[in-house]
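Q: only geometry, no sequence info:
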């Protein structure tokens, strides 16, 4: 009997996002595939250290729909290794007690084309080329940045923070800011405050989170908390708020910072992951919280 994942939010994660593979990746870059393969086989019983996305993955695997034992999320390992060298990763998954049972090993080729068959809502990878291909083909995807590993022992809630333009929303307004300046941007947002922004690459993922949150409305314990952390401020905040209202999604906390550093806010919110399209914000945030860059929109054009 065929199993369906239709009732779950599917997260695809690469081995380098989930675990710390810096040493073996350096070996691959310096000595090539043969040396890398031999190293992985010789060390396949050694447990890999936790990577930047580990806490996120561990936390979302704990979330079950209320009154059931049914997991809300399904995590699938997506790796450019072959199954032979990927055995070390699966051994580490087992040792860390992660409920990950499905995988795709593509042996050096980009795995983006397998996101659709798995009905993936989000793809996390350490390889920017794979992330770009996923985004170009309509998938929410982000590049995990090297940085802090968030050790959340409280196991209370999953916290996810998003930038607005070119992440949740399209980059249409950001393009006006880049091309015509701040005054024209504010003017455009005021004139169009009642017109919803077009969708960005992470709209569907936010909707999936919102749908899970709705299942817990009648319960005191809420397992997911979301935040919008954006450089927008008044009066451009109105259009962002009305867009989310039009989509029918709820954001728990919203911060309209008007260009202020986002890191102090993130330090207090303590997200398991923060998504932003601007690398300058990502680099500052990665010293505070697990951070993923979304290489999408005008800010990343020709980069």
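A: It's in. Every value quoted in this text rests on a predicted model; they were computed, and no experiment measured them.

Q: and residue 194, how many neighbours does it have?
A: Residue 194: 9 surrounding residues under other Cβ atoms under 10 Å. Quick note: C-beta positions are derived from backbone N, CA and C, even for glycine.

Q: list the contacts for it?
A: Neighbouring residues of residue 194 by Cβ atoms under 8 Å, 6 or more residues apart in numbering: residue 242.

Q: mind checking which helix or strand it is in?
A: Assigned by DSSP states H and E, residue 194 falls within no helix or strand.

Q: quick one: secondary structure of residue 133?
A: Counting by DSSP: H, G, I helix; E, B strand; the rest coil, the backbone at residue 133 sits in helix.

Q: in space, what's closest to it - neighbours in sequence excluded?
A: residue 112 (4.2 Å; Cβ to Cβ, 6 or more residues apart in numbering).

Q: first-to-last residue distance for stretch 41-51?
A: 20 Å (Cα to Cα, to the nearest Å).

Q: could I get the average pLDDT for that stretch?
A: For stretch 41-51, the mean per-residue pLDDT is 88.

Q: what are the buried residues along that stretch?
A: 44, 48, 50, 51 (16 or more other Cβ atoms under 10 Å).

Q: ok, and what's touching that stretch?
A: So stretch 41-51 is contacted by 16-21, 24, 84-85, 87-89, 91-92, 95-96, 144, 149 (Cβ under 8 Å, 6+ apart).

Q: apply 10 Å and report the result again.
A: 13-24, 40, 54, 57-58, 84-96, 124, 126, 144, 146, 149-151, 290 (Cβ atoms under 10 Å, 6 or more residues apart in numbering).

Q: how far is it from where the chain is centred?
A: Mean C-alpha position of stretch 41-51 versus that of the full chain (Cα atoms, centre = their mean, to the nearest Å) differs by 24 Å.

Q: how about low-confidence regions in the stretch 201-303 of the chain?
A: 303 (pLDDT under 70).

Q: can you report phi and psi for residue 202?
A: Main-chain torsions, residue 202, degrees, to the nearest 10: phi -100, psi 10.

Q: for residue 77, same thing?
A: Taking degrees, to the nearest 10 as the convention, residue 77 sits at phi -80, psi 130.

Q: tell me what it is bridged to.
A: residue 13, residue 103 (DSSP bridges).

Q: what separation do you get for it and residue 7?
A: Here the criterion is Cβ to Cβ, to the nearest Å. By it, residue 77 lies 20 Å from residue 7.

Q: mind checking pLDDT for residue 152?
A: Per the predicted model, pLDDT is 58 at residue 152.

Q: how many residues are close by residue 100?
A: Other residues close to residue 100 by other Cβ under 10 Å number 19.

Q: what count of nearby residues applies to the residue nearest to residue 133?
A: Neighbours of residue 112 using other Cβ under 10 Å come to 24.

Q: got the residue ranges for the strands in the protein?
A: 9-14, 73-79, 102-105, 120-125, 141-144, 158-162, 224-230, 253-256, 273-276, 291-293 (DSSP state E).

Q: mind checking those strands for the one nearest to residue 262?
A: Comparing these by their distance to residue 262 (Cβ to Cβ), the top pick is strand 224-230, with 5.2 Å.

Q: give me the angle between the closest one and strand 158-162.
A: 20 degrees (axes from the mean of the first three to the mean of the last three Cα atoms, to 10 degrees).

Q: quick one: strands adjacent to strand 224-230?
A: strand 158-162 (parallel), strand 253-256 (parallel).

Q: enumerate the positions of the shortest one that are buried.
A: This points to strand 253-256. 254, 255, 256.

Q: give me the distance between the first one and residue 190.
A: Remark: distance between residue 254 and residue 190 (Cβ to Cβ) = 19 Å.

Q: so which of the strands paired with strand 224-230 comes closest to residue 224?
A: Closest of these to residue 224 is strand 158-162, at 4.9 Å (criterion: Cβ to Cβ).

Q: quick one: contacts for the nearest residue to residue 238 once chain neighbours are set aside?
A: Spatial nearest neighbour of residue 238, excluding adjacent residues (Cβ to Cβ, 6+ apart): residue 193 at 4.4 Å. Residue 193 makes contacts with 235, 236, 237, 238, 239, 240, 241, 242, 243, as judged by Cβ under 10 Å, 6+ apart.
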